[in-house]
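Trainee: Provided below for reference: sequence and predicted model.
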Amino acid sequence: MSSPTMRHPALRHPALAAVAARAAGAGSPAVLFDVTHFGTDGFSAAPPADVTPPTAPDRVAADTLAFHLAGVGFQVHTWAPDTPGKQHDGVSTSRIAVSPHDEAGEGLSRKLFNGSVVINPDFLYDAAHSVEVLLTLGNDPWRPTYADSMMITLAYQGLVAAAAADDGAPVLFLQSPVAPFRDPPRQFRVDGSGEAPRVANGMALRMLVGLEHSNRRKRITLMCELAALATEHGFGLQVADRRFGRVRGEWWSVLAPDEKLYARKKAELFDWAPDSVPTTVQLLTFVGPARVGSSAAIVGDLLARNVGVLAVSEASMQEIAFINIMVPLAPARVGRSRLSSTCLSIADGLGQTASECGLTRRQAVRAKSRIASSAATDYRVLRTGPMRPRIKESASTSDHPVWLSWGMPLVSSPPDVAQLVVSQLREATDRVLDARIDYYRARVLPNGRVTGRAKITVSLAEGLTRGSIPALLSELCPWAQREAVAQLVTDHLPLSTIRLRLAWRERWLGTSGTIA
């Protein structure tokens, strides 16, 4: 995970403006953070994805990230200390300090870490000159085998290595699995109005890369390298459509997935990997100062040690890199260990991960680890496991994604907007079996407003015909939107200050107004 030094102060992450100003004469500041790893028993709810850090309930996080999948997931909060430059205990001997905390609830395995990272105040990026890509391994619902997990690692490594090559560009966001995109048939209009409801989660990776305005060739070089990667392995490749009038969620297709070539390359490269669906995983969070090439070094090490990747959520939050990865345990290691949680150096963490999750003996790995001399050399690894994800439940064809966007003034007890919408969707029992948060990102802006985006998976009732689903979602989303806003309106939150939009096509968040 990374970001280069891009000197565009007016376009930098807004939550850091005050911190950077204070840091100019005070040395490098520290940012505090919480990381939560969790798994449920299938009946208990995941921890609430709100903007209050678990270890600082009297604070509001400047940046919040949540990623839930198949009953397991990650949550991350970051915030600045009250005293600029204040560091967490133990950070004096390192740029990173982390303390683990055991937490548990009925039916819930929850491991909490909190700490701080000393950041580089010169770290700036210009998100206005970014490029977003979608790399698709398959359009079917997410249910990868061990061999598929190695292909996901290969695709992940190819994406971040292409971003880090040459002069380097920051990976601002990377997520997998995500909802794959298919172009509407030709008889539909070019605006994509014929787009069918998507699969909630498929074997696809979505990456946002920041580009320096002065480096005009990087975009072309990046796309050429990604096109070569996709062509060689049968991946699909789409790029965010940045033509005038286009919005986020509209894609320009470069290559369609080639299922036959993908299967052939998977057999050619990883025919030794078990062709079964993993049952047990380790949750890993790599944390450290955001730098170009750090995520490329980490995933390159995992690939060299034959460690598969099932899911990843990578983001830069207040100049800190958080790389959250779900990796499957090797079949021989399943059932041999009890749930535990540790915080390790990057070298020790990757070494233990290779011992438990590497799909071949250590003598058979393709290369010796060079992580100690990489951009991630001082990163820390937060490990929790083993955990048992409900992968079969993520392969339902009745699951469809809806996207949520909101903004409102910050109040003393900020409401959990995404969870409020989920609860409202569950009220439609005649049409919805369940609703759950897949992805959640919220920020507190300097102007006193909280903005956020989320992707929610809706499990529709059985027996619906494929042709009836668009009309049902088109009724369900505005209804849930109106009801959620009605619950948000209070004396301190008048209707005129609330912006909320729920839609089953992501592009609708940008092409339609968000006033409920």
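Mentor: Perfect, I can see it now. Given the structure is predicted, the values throughout are model-derived calculations rather than measurements.

Trainee: in space, what's closest to the residue nearest the centre of the chain - neighbours in sequence excluded?
Mentor: Nearest to the mean C-alpha position of the chain, by CA atoms, centre = their mean, lies residue 313 at 2.8 Å. The shortest distance from residue 313 to any non-neighbouring residue, by CB to CB, 6 or more residues apart in numbering, is to residue 67 (3.8 Å). Bear in mind the C-beta positions are built from the backbone N, C-alpha and C, glycine included.

Trainee: just for the stretch 151-300 of the chain, where's the confidence low?
Mentor: Applying pLDDT under 70 to the stretch 151-300 of the chain flags residues 186-193, 213-214, 245.

Trainee: mind listing the helices for the chain?
Mentor: Taking DSSP state H to define them, one finds helices in the chain at 17-23, 146-164, 217-233, 259-270, 294-304, 346-357, 417-426, 469-488, 508-511.

Trainee: to residue 499, which of those helices lies closest?
Mentor: Closest to residue 499 of the helices of the chain, according to CB to CB: helix 469-488, at 9.3 Å.

Trainee: flag every buried residue along the closest one.
Mentor: 469, 470, 472, 473, 476, 477, 480, 481, 483, 484, 485, 488 (16 or more other CB atoms under 10 Å).

Trainee: residue 137: which of the residues you listed is nearest?
Mentor: Taking CB to CB as the measure, residue 137 sits nearest to residue 469 out of those, at 24.4 Å.

Trainee: circling back: would you list the helices of the chain in CSV and tack on distance to residue 55?
Mentor: Output for the helices of the chain, formatted as CSV (distance: least, CB to CB, whole Å):
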stretch, distance to residue 55
helix 17-23, 20
helix 146-164, 30
helix 217-233, 38
helix 259-270, 41
helix 294-304, 25
helix 346-357, 22
helix 417-426, 20
helix 469-488, 27
helix 508-511, 32
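
Trainee: OK, contacts around residue 46?
Mentor: Residue 46 is in contact with 38, 40, 68, 71, 73, 108, 436, 437, counting by CB atoms under 8 Å, 6 or more residues apart in numbering.

Trainee: if I look at residue 199, how far off is residue 232?
Mentor: Going from residue 199 to residue 232 by CB to CB, to the nearest Å gives 25 Å.

Trainee: out of the two, which sits in the more crowded spot?
Mentor: residue 199 (25 against 11; other CB atoms under 10 Å).

Trainee: look up the pLDDT of the nearest residue to that one once chain neighbours are set aside for me, please.
Mentor: Leaving aside its chain neighbours, residue 199 sits nearest to residue 141 (5.4 Å; criterion: CB to CB, 6+ apart). Looking at residue 141, its pLDDT reads 93.

Trainee: quick check: residue 141 touching residue 198?
Mentor: No: assessed by CB atoms under 8 Å, residue 141 is found out of contact with residue 198, at 10.6 Å.

Trainee: hang on, residue 357 packs against residue 308?
Mentor: Yes: the criterion here is CB under 8 Å, and residue 357 meets it with residue 308 at 7.3 Å.

Trainee: what residues sit buried inside stretch 166-178?
Mentor: Counting neighbours by 16+ other CB under 10 Å, one finds that the buried residues in stretch 166-178 are 168, 169, 170, 171, 172, 173, 174, 175, 176, 177, 178.

Trainee: same check on stretch 228-244?
Mentor: Neighbour counts over stretch 228-244 (16+ other CB under 10 Å) mark 229, 230, 233, 234, 235, 236, 237, 238, 239, 240, 241 as buried.

Trainee: ok, now which ones touch the fourth one?
Mentor: In other words, residue 234. Applying CB under 8 Å, 6+ apart to residue 234 gives the contacts 257, 258, 259, 260, 261, 262, 263, 264, 265.

Trainee: any idea how far residue 74 is from the closest residue to the first one other than its chain neighbours?
Mentor: Distance criterion CB to CB, 6+ apart; nearest residue to residue 257, sequence neighbours excluded, is residue 236 at 3.6 Å. Residue 236 sits 26 Å away from residue 74, taking CB to CB as the criterion.

Trainee: number of nearby residues for residue 413?
Mentor: By the criterion of other CB under 10 Å, residue 413 has 9 neighbours.

Trainee: next, give phi and psi for it.
Mentor: phi -120, psi 90 (degrees, to the nearest 10).

Trainee: if I look at it, how far off is residue 479?
Mentor: Taken as CB to CB, the span from residue 413 to residue 479 is 26 Å.

Trainee: then residue 46?
Mentor: The gap separating residue 46 from residue 479 is 24 Å, by CB to CB.

Trainee: for beta bridges, what are the partners of residue 236?
Mentor: Here residue 236 sits in beta bridges with residue 136, as judged by DSSP bridges.

Trainee: can you check residue 285 too?
Mentor: residue 324, residue 382.

Trainee: is it in contact with residue 385, as I believe?
Mentor: No: contact criterion CB under 8 Å: residue 285 and residue 385 do not qualify, at 11.8 Å.

Trainee: just checking, residue 389 touches residue 40?
Mentor: No: counting by CB under 8 Å, residue 389 does not reach residue 40; the two are 9.8 Å apart.

Trainee: quickly list what's touching both of those two.
Mentor: With CB under 8 Å, 6+ apart, residue 389 and residue 40 have common neighbours 71, 72.

Trainee: need the strands for the stretch 251-400 of the chain, in chain order.
Mentor: For the stretch 251-400 of the chain, the strands defined by DSSP state E, counting those that start in this stretch cover 251-255, 281-289, 311-317, 320-328, 340-345, 380-387, 399-409.

Trainee: now those in JSON lines, please, with extra columns for distance to residue 492.
Mentor: Output for the strands of the stretch 251-400 of the chain, formatted as JSON lines (distance: least, CB to CB, whole Å):
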{"stretch": "strand 251-255", "distance to residue 492": "39"}
{"stretch": "strand 281-289", "distance to residue 492": "35"}
{"stretch": "strand 311-317", "distance to residue 492": "27"}
{"stretch": "strand 320-328", "distance to residue 492": "31"}
{"stretch": "strand 340-345", "distance to residue 492": "38"}
{"stretch": "strand 380-387", "distance to residue 492": "37"}
{"stretch": "strand 399-409", "distance to residue 492": "8"}
